[in-house]
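Trainee: coords below, sequence missing:
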């Protein structure tokens, strides 16, 4: 065989091999792009599981959950993050548990996977009677003078209470340890719904407050304590949450990926890290920097991220009712269009997040229009708003 024939054979062989390599590589990259987020859905709030102030004075209709879950399922979603509050349980344990079990049964019916989220907002209605809910009043009544003095991250009573909570110095009016009381509450929730096929897992505590660098490790100890307690009765997913505030200006808390990683429980089997995203995470913006640092923390501990709350929010800095400066949602400027929703979902896909839940599905109206994914008529009929269609399309694409 002469040299020319050998050269032709060599070139022909490599022309066959090289395209195959590139085709395989391109297919792999396309699979990564097309890979779906496993769990997609919305946050759902209830009545007796959320009852905390006058906004919840009128119960919704008997068919509310069935109609809601049907709409969510038919909208191409397979997941809900069900929000509940410890203090709502303390107000009426029987009706709380009855409602919780109904949610589990109907989620089974409509093929939805549920994360049961133990939520807090502004700590407690004890500290913030107008907006707060979370921890029951029995954990605050040692200091009667704190009632109504503020439960946000900038309010002094909240700073003191959370510091004591992480030091495990909070007890109820009978002297019982707060951590044990909280673990027993979550175990009651778990025992009530764990056998249901729809039950995906449990979130330890939504967005705990942090006020000093030494509290990162203490939150990790708390998350480990609760995880170990729940692992005695369930092997389903355990979710732990990012902290508040996520502030790059507040140097007092030393916000770094390494410190964020310290919040993870020691037992990381079937554990995911919940984050909130309320805006397009463009580089060199607050939302971009926030998502970057949370992603870095997730990588350090090799725990998947769960976007437990997402939406588009504009905030303005104002003085709150307790005279402290903080950021509030601007209902006029906050909005979500199709482009923004598509961008956010695409960003989550690129990060290969474990799941995502839109905030939120709630029969109580909110001043920001994009927080109202539904509206409920006087006769109990559920009507989806334009934002439901936006989310539906973003997920489908």
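Mentor: Cool, got the structure. Since this is a predicted model, take the numbers as computed values, not measurements.

Trainee: Low-confidence ranges, the stretch 201-350 of the chain, go.
Mentor: 315-329 (pLDDT under 70).

Trainee: and if we set it to 50?
Mentor: Applying pLDDT under 50 to the stretch 201-350 of the chain flags the ranges 325.

Trainee: The stretch 1-150 of the chain now?
Mentor: Along the stretch 1-150 of the chain, segments meeting pLDDT under 50 span 3-33.

Trainee: Can you check my assumption that residue 44 lies in a strand?
Mentor: Yes - looking at residue 44 with DSSP: H, G, I helix; E, B strand; the rest coil, it is inside a strand.

Trainee: Do I have it right that it meets residue 81?
Mentor: Yes - the pair residue 44 / residue 81 is scored as a contact, 7.2 Å apart, by CB atoms under 8 Å. Every residue, glycine included, has its C-beta placed from N, CA and C.

Trainee: Who has more neighbours out of the two?
Mentor: residue 81 (32 against 27; other CB atoms under 10 Å).

Trainee: wait, what's in contact with the more buried one?
Mentor: By CB atoms under 8 Å, 6 or more residues apart in numbering, residue 81 lies in contact with 41-44, 114-115, 117, 203, 308-309, 357.

Trainee: go on, residue 202?
Mentor: By CB under 8 Å, 6+ apart, the neighbours of residue 202 are 115-118, 186, 189-190, 230, 234, 236-239.

Trainee: let's go with 6 Å and repeat that
Mentor: Contact analysis of residue 202 by CB atoms under 6 Å, 6 or more residues apart in numbering lists residue 116.

Trainee: likewise residue 261?
Mentor: Contact analysis of residue 261 by CB under 6 Å, 6+ apart lists 297, 300-301.

Trainee: can you do 10 Å?
Mentor: Residues near residue 261 by CB atoms under 10 Å, 6 or more residues apart in numbering: 216, 220, 273, 296-303.

Trainee: Next: residue 260.
Mentor: Contacts of residue 260 (CB under 10 Å, 6+ apart): 210, 216, 219, 242-243, 246, 273, 275, 293-294, 296-298, 300-301.

Trainee: Just give me how far the host helix or strand of it sits from the chain centre.
Mentor: Using DSSP states H and E, residue 260 sits in helix 257-261. With CA atoms, centre = their mean, to the nearest Å as the basis, helix 257-261 stands 18 Å off its chain's centre.

Trainee: With stretch 167-181 instead?
Mentor: 26 Å.

Trainee: okay if I get the contacts of residue 261 as a markdown table plus secondary structure and neighbour count?
Mentor: Formatted as a markdown table, those follow (DSSP: H, G, I helix; E, B strand; the rest coil; neighbours: other CB atoms under 10 Å):
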| residue | secondary structure | neighbour count |
| --- | --- | --- |
| 216 | helix | 21 |
| 220 | helix | 18 |
| 273 | strand | 25 |
| 296 | helix | 14 |
| 297 | helix | 24 |
| 298 | helix | 24 |
| 299 | helix | 12 |
| 300 | helix | 14 |
| 301 | helix | 16 |
| 302 | coil | 9 |
| 303 | coil | 18 |
